[in-house]
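Visitor: got a sequence here, can you model it:
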Amino acid sequence: AIGQAAKHSSVREINDRKGYLAFKHRVWRFELQLRALYPDLYARLMALMRSADEAKWKRLSAKSKKVYPEVEYIEYDVEEMGEPCYIEPHVDNKSAVTLVAMLSVPSAYVGGRSCFRRAQSSRGHRELSLEQGDVVLFRGEKLVHWITPVTAGKRIILQIEMSRV
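Guide: I've put the predicted structure just below:
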């Protein structure tokens, strides 16, 4: 369902990352298509993000009924790009809650571990190897995150950033 909505004929590749952010990947934004083609899945994803926020951060208050989800299908495809694919450490501007769901099987690519900086009082960072179907939710506007270079194959994720502005 995710791949079908993301590759719908009305979806266009976007290239609106900040100029200072170093990355090598392709992105398609498809919130309208996902909501129209798979409304139940869309509603479940939005409910999951709101529920996680309510349990942990309370950044999407009940007063603020309006939220702005940005739904992206992101490919890190080494063969297509002709070099390792990555994104450098960054935060997701204005994203109260970010969801990353792994769509690829682990054998489809090499590298591409999800990295998250530890709290300021701690040293280092945490690295996760996500399995197909794994989902990570975090405060995108606060938590510095990145992926290690994908050196072979294709890594595909669903990413949703939910902001209040």
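Visitor: check which helices and strands the helix of greatest length in the chain sits against.
Guide: Among the segments of the chain that qualify as a helix by DSSP state H, the longest is helix 39-56. On a contact count with 3 or more CB pairs under 8 Å, 6 or more residues apart in numbering; DSSP states H and E, helix 39-56 meets helix 31-37, strand 95-102, strand 135-138, strand 145-163. All C-beta spots, glycine's among them, are computed from the backbone N, C-alpha and C.
Visitor: what's the distance between the third one and the middle of its chain?
Guide: In terms of CA atoms, centre = their mean, to the nearest Å, the centre of strand 135-138 is found 9 Å from the chain centre.
Visitor: please apply the same query to the first one.
Guide: Here helix 31-37 is found 17 Å from its chain centre; the criterion is CA atoms, centre = their mean.
Visitor: start at 39 instead
Guide: Understood, numbering begins at 39; the last thing we discussed is helix 69-75.
Visitor: same question for that helix, mean pLDDT?
Guide: Helix 69-75 shows a mean pLDDT of 97.
Visitor: who touches that helix?
Guide: For helix 69-75, contacts defined as CB atoms under 8 Å, 6 or more residues apart in numbering pick out 39-40, 42-44, 46, 48-49, 79-80, 107-109.
Visitor: quick one, which of those are buried?
Guide: Buried residues within those, defined by neighbour count using 16 or more other CB atoms under 10 Å: 40, 43, 44, 49, 80, 107, 108, 109.
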